[in-house]
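>>> Have a look at this prediction, sequence included:
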Amino acid sequence: MNRQHAPDPSQWRLSVAPMMDWTDRHCRYFHRLLSRHTRLYTEMVTTGALLHGDVPRHLDFDETEHPVALQLGGSEPADLAQCARLGEQWGYDEINLNCGCPSERVQRGAFGACLMAEPALVADCVKAMVDAVGIPVTVKHRIGIDRTESYEFVRDFVGAVSEAGCGVFIVHARNAWLKGLSPKENREVPPLRYELVHRLKRELPHLVMATNGGVKTDEAVARELNEVDGVMVGREAYHHPWWLASWDATYYGDTAREHITREWVEERMVAYMEREAAQRGTAWHSIARHMMGLYNGLPGARRWRQVWSDHRLKTRPPREVMTLAHEDLRLAA
């Protein structure tokens with residue numbers, strides 16, 4: 001039974017992209033300290049990992065992370081429906097299907113960007129998930145695959161999938177070249193063509209459309225928000241996380257965190273490291289790696305990063321490491 005409601009476009013105004021090996025729950029906790037409203041996404045989790053692996057390891061998250069979406073990788077409707085139900089049971093706010101990852105490993109699993117060549121299968125997958133859960137089911141995809149640069153290709157894909165019950169599309173505005181390029185090259189070599197995403201929104205105004213790919217400034221965000229409903233930022237948000245600290249005021253009219261400082265965020269991350277160590281035995285350096293960009297652009301930032309990533313300090317309590325790191329920041333100021 002379809003329990004879906006019409007999505008509220010404002011929920012996708014700003015989001016941080018799902019990034020393998022990066023947007024784990026520790027990274028998301030860090031990003032939530034910077035912005036209360038930005039939508040956060042998990043790394044892609046395959047259906048096999050959930051159905052045959054350690055579910056708590058893949059799905060556990062901190063309550064402060066809301067709104068948070070689970071991104072799934074898979075191509076079997078029944079498996080995706082079961083995993084979507086798991087995601088809803090664990091408290092996620094959205095289930096997102098990955099139809100954009102170009103890596104050959106993902107292709108061998110018959111999911112990711114190669115699914116764009118099979119819109120009927122994607123529609124079946126979406127329908128199975130939509131029928132299984134009451135939270136939004138969304139799709140992240142490219143504008144095309146390989147050298148096919150046809151607007152009709154992506155329009156027909158979106159049309160077919162929307163008819164299955166998907167109302168939200170996050171569009172990476174590049175083609176995915178399935179052969180000959182690495183995943184990194186696939187983020188850089190195929191040209192960005194934002195105009196195709198804009199045209200999708202104009203021709204399918206009832207659908208929520210968000211742009212992904214190459215957005216690195218407030219000016220670029222503003223440009224996209226004039227054309228579509230939302231913007232998803234990837235590596236720029238990870239490498240320059242302090243940008244997120246301005247998003248609540250700029251894009252949501254919420255000034256509550258306008259006056260937070262980097263030190264405030266770092267102090268709370270250290271408290272989180274201490275709590276994680278006590279409750280789960282988590283090594284603090286597996287958490288600290290996500291905040292290496294916090295002081296980017298400030299005098300002493302390079303030395304601060306070196307202290308936090310010094311393997312010789314891994315046995316020291318994180319609060320001591322923070323004190324050492326700030327000695328160098330003060331000297332550089």
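Yep, it's here.

>>> Where does Asn96 fall, secondary structure wise?
Taking DSSP states H and E as the criterion, Asn96 maps to strand 94-99.

>>> Next, work out how far apart the residue nearest to Pro136 when sequence neighbours are not counted and Val208 are.
If the residues on either side of it in the chain are set aside, Pro136 comes closest to Glu94, at 4.8 Å by CB to CB, 6 or more residues apart in numbering. Every residue, glycine included, has its C-beta placed from N, CA and C. With distances taken as CB to CB, to the nearest Å, Glu94 is found 11 Å from Val208.

>>> if I look at those two, which residues touch both of them?
By CB atoms under 8 Å, 6 or more residues apart in numbering, Glu94 and Val208 have these common neighbours: Val168.

>>> Help me confirm that Gly100 comes into contact with Lys140.
Yes. In terms of CB atoms under 8 Å, Gly100 counts as a neighbour of Lys140; the distance is 5.0 Å.

>>> Which one of those two is surrounded by more residues?
Legend: neighbour count by other CB atoms under 10 Å for Gly100 and Lys140, higher for Gly100 (28 against 24).

>>> next helix or strand past the helix or strand that contains Val161?
Counting by DSSP H and E, the element that carries Val161 is helix 151-163. Toward the C-terminus, helix 151-163 is succeeded by strand 168-176 as the next helix or strand (DSSP H and E).

>>> packing partners for that following strand?
Packing partners of strand 168-176 (3 or more CB pairs under 8 Å, 6 or more residues apart in numbering; DSSP states H and E): strand 137-145, helix 151-163, helix 194-203, strand 208-212.

>>> Point to the helix or strand of the chain where mean pLDDT is at its lowest.
Lowest by mean pLDDT, DSSP states H and E among the helices and strands of the chain is helix 104-108, with a mean of 61.

>>> next helix or strand past that helix?
In N-to-C order, the element after helix 104-108 by DSSP H and E is helix 119-132.

>>> Determine the angle, from 0 to 180 degrees, between that following helix and strand 137-145.
Interaxial angle, helix 119-132 versus strand 137-145 (axes from the mean of the first three to the mean of the last three CA atoms, to 10 degrees): 170 degrees.

>>> tilt between helix 119-132 and strand 94-99?
170 degrees.

>>> Name the residues that touch helix 119-132?
With contact meaning CB under 8 Å, 6+ apart, helix 119-132 is reached by 1-2, 4, 74-78, 80-82, 84-85, 88, 95, 97, 99, 115-116, 137, 139, 156-157, 160-161, 163-166.

>>> One more: stretch 235-252?
13-14, 16-17, 19, 22-23, 27, 30-31, 34-38, 187, 215-216, 218, 221, 225, 254-258, 260, 262, 265, 290-291, 293-297.

>>> what mean pLDDT does the helix or strand hosting Gln71 have?
Using DSSP H and E, Gln71 sits in strand 68-73. For strand 68-73, mean pLDDT rounds to 98.

>>> so what strands line up beside that strand?
Strand pairing for strand 68-73, determined by DSSP bridges: strand 39-41 (parallel), strand 45-46 (parallel), strand 94-99 (parallel).

>>> Between these, which one is closest to Ala69.
strand 94-99 (3.7 Å; CB to CB).

>>> how about the CA coordinates for the closest one, as CSV?
Provided in CSV are the C-alpha atoms of strand 94-99 (Å, rounded to 0.1, in the frame of the first residue of the first chain):
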residue,chain,number,x,y,z
GLU,A,94,14.3,9.3,3.7
ILE,A,95,15.4,6.4,1.6
ASN,A,96,17.5,7.3,-1.4
LEU,A,97,18.4,5.0,-4.3
ASN,A,98,21.8,5.4,-5.8
CYS,A,99,21.6,5.6,-9.6
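
>>> Give me the residues contacting it.
Here strand 94-99 has contacts from 18, 39, 41, 44, 67-74, 80, 84, 87-88, 106, 111-113, 115-116, 122, 125-126, 129, 133, 135-142, 168, 170, using CB under 8 Å, 6+ apart.

>>> buried ones in the helix or strand encompassing Pro56?
Per DSSP H and E, Pro56 falls inside helix 55-59. Residues of helix 55-59 classed as buried by neighbour count (16 or more other CB atoms under 10 Å): 55, 58-59.

>>> Stretch 202-221 now?
Neighbour counts over stretch 202-221 (16+ other CB under 10 Å) mark 207-215, 220-221 as buried.

>>> Would you mind giving those residues as JSON lines with pLDDT and distance to Ala249 added?
Converted to JSON lines, the buried residues of stretch 202-221 look like this (pLDDT from 0 to 100; distance: CB to CB, whole Å):
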{"residue": "Leu207", "pLDDT": "98", "distance to Ala249": "28"}
{"residue": "Val208", "pLDDT": "98", "distance to Ala249": "23"}
{"residue": "Met209", "pLDDT": "98", "distance to Ala249": "24"}
{"residue": "Ala210", "pLDDT": "98", "distance to Ala249": "20"}
{"residue": "Thr211", "pLDDT": "98", "distance to Ala249": "21"}
{"residue": "Asn212", "pLDDT": "98", "distance to Ala249": "23"}
{"residue": "Gly213", "pLDDT": "96", "distance to Ala249": "25"}
{"residue": "Gly214", "pLDDT": "96", "distance to Ala249": "24"}
{"residue": "Val215", "pLDDT": "97", "distance to Ala249": "18"}
{"residue": "Ala220", "pLDDT": "98", "distance to Ala249": "18"}
{"residue": "Val221", "pLDDT": "98", "distance to Ala249": "13"}
